[in-house]
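Student: here is the input, now give the coordinates:
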Amino acid sequence: MADNAQAIRDMFTSVAPTYRAANRALTFGLDGYWRRQAARHALRGAPAAALDVCTGTGEMAFLLHRMSGAGTAVTGVDFNTAMLSEAERRQAGDGIVFRQADATALPFPDASFDVVTVSFALRNLNVTAGRFAATLRECLRVLRPGGRLVTVETTQPPSAFVRWIVRRYVGLVVPRLGARLSGSRAAYAYLAGTIPRFHGAPELAAILRNAGFERAVYTYLTLGLVAIHEAVKAGDRTGTNNRKTK
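Tutor: Numbering: from 1, shown residues only. The predicted model follows:
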């Protein structure tokens with residue numbers, strides 16, 4: 001693609017109206033559970049201000065707002081206006097601020113947020129090493145000292161058998177079912193293709209540390225189908241280095 005960012009923007013525009021329903025169907029409803037677990041991690045310590053990057057239709061932003069008891073000011077950003085329109089259409093006085101913005105150039109001052117979240121979007125930011133690195137730098141920049149980046153993303157399961165099952169499902173089922181649900185075979189062929197190519201959890205943790213975060217830890221969910229990563233901006237010395245599987 002001559003312009004990967006524009007091609008991805010166009011792809012998400014085409015599937016925006018059906019995106020939530022398709023995610024539910026393709027994950028057998030597990031995507032909601034995975035996001036809730038990530039939201040619980042993000043809300044530890046009662047952050048005053050949270051930023052959801054690549055918010056899409058606002059799933060994580062709504063969870064952060066509701067699970068915090070409206071105690072956290074939530075902002076969601078996405079570069080796709082169709083996705084943001086879906087998020088704003090669903091909002092019923094929640095008070096979440098949605099803004100159009102590219103993840104590589106966030107329109108916020110340094111040290112603006114206590115927590116930054118990214119849910120199931122890192123794969124799409126990984127179109128080039130430069131774009132991925134720029135996104136991580138921006139997340140680090142807008143975090144306050146001691147603030148945390150919390151991501152939830154598909155990963156490479158530790159079990160070879162589970163990896164085989166996932167790759168068969170992703171390769172054979174996701175493009176076909178995604179096309180039927182959304183009307184866009186190309187979009188779900190692309191999305192399915194990003195899953196086996198993305199970093200495993202240990203590799204992503206190392207990338208986060210190399211990007212300037214003081215530490216990064218991860219937690220596997222559902223046999224290692226996805227992983228939650230937490231990374232801290234320098235300024236908070238608490239925490240542990242461990243790995244758990246649920």
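Student: would you state the helices of the protein in chain order?
Tutor: Remark: helices assigned in the chain by DSSP state H are 4-15, 19-26, 30-42, 59-67, 81-90, 122-125, 129-142, 160-172, 174-182, 185-197, 201-210.
Student: so which of those is nearest Gly224?
Tutor: Ranking these by their distance to Gly224 (criterion: CB to CB) puts helix 160-172 first, at 6.3 Å. To be clear about C-beta, it is placed using only N, CA and C from the backbone, and glycine gets the same treatment.
Student: show residues contacting the closest one.
Tutor: With contact meaning CB atoms under 8 Å, 6 or more residues apart in numbering, helix 160-172 is reached by Gln156, Pro157, Ala192, Ile195, Pro196, Leu223, Gly224, Leu225.
Student: out of those residues, the closest to Asp102 would be?
Tutor: When the contacts of helix 160-172 are ranked by distance to Asp102 (CB to CB), Ile195 comes first, at 23.1 Å.
Student: before we move on, the earlier item: which of the contacts of helix 160-172 count as buried?
Tutor: Neighbour-count burial (16 or more other CB atoms under 10 Å) is assigned, among the contacts of helix 160-172, to Gln156, Pro157, Ala192, Ile195, Gly224, Leu225.
Student: tell me which two of those residues sit farthest apart.
Tutor: Ala192 and Gly224 (18.2 Å).
Student: any low-confidence regions in the protein?
Tutor: 1-5, 93, 236-246 (pLDDT under 70).
Student: quick check: longest strand of it.
Tutor: Longest strand in the chain by number of residues (criterion: DSSP state E): strand 143-154.
Student: out of the helices of the chain, nearest to Pro109?
Tutor: Judging these by CB to CB, what sits closest to Pro109 is helix 129-142, at 7.6 Å.
Student: now the angle from that closest one to helix 4-15?
Tutor: Helix 129-142 runs at 80 degrees relative to helix 4-15, counting by axes from the mean of the first three to the mean of the last three CA atoms, to 10 degrees.
Student: okay then, goodbye and thanks.
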